[in-house]
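Asks: Give me the fold of what follows.
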Amino acid sequence: MRPDIQPGYQSDFPKFTYVGAPVKATDLRAGAAMIIAGLAANGVTEVEDILHIDRGYENVVEKFRGIGADIKRMFCPEPTSLTNAG
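Replies: Numbering: from 1, shown residues only. As a prediction, the model looks like this:
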């Protein structure tokens, strides 16, 4: 720690702008990390394959809303396969 900086104060960190993107929850902890990263990002982040998150965290959307997060659950139909089209 530099002596000219008060404890608890950090400086010289680069400033990043995070932009929302479609992401996939490959496991429980990765899914939770994707939610948190999406909340920190500008724009919209869509987390797919949330089965892992649902199994590991009860009422995760409501809990994040409870602390002021702008989050919602959306149900999307499975894409239809065009390979079987006649």
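Asks: ok, which stretches of the protein are helices?
Replies: 28-40, 51-56, 60-66 (DSSP state H).
Asks: Export those helices as CSV, with columns for distance to residue 77.
Replies: Backbone N, C-alpha and C define where each C-beta goes, glycine included. Putting these into CSV (distance: least, CB to CB, whole Å) gives the following:
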stretch, distance to residue 77
helix 28-40, 21
helix 51-56, 16
helix 60-66, 20
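Asks: Can you add distance to residue 21 and mean neighbour count and give those back as a markdown table?
Replies: As requested, the helices of the chain are arranged in a markdown table below (distance: least, CB to CB, whole Å; neighbours: other CB atoms under 10 Å):
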| stretch | distance to residue 21 | mean neighbour count |
| --- | --- | --- |
| helix 28-40 | 8 | 17 |
| helix 51-56 | 17 | 14 |
| helix 60-66 | 18 | 13 |
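Asks: Mind putting the ones you listed into CSV with mean pLDDT and distance to residue 75?
Replies: What follows is the helices of the chain, written out as CSV (pLDDT from 0 to 100; distance: least, CB to CB, whole Å):
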stretch, mean pLDDT, distance to residue 75
helix 28-40, 93, 17
helix 51-56, 92, 12
helix 60-66, 95, 12
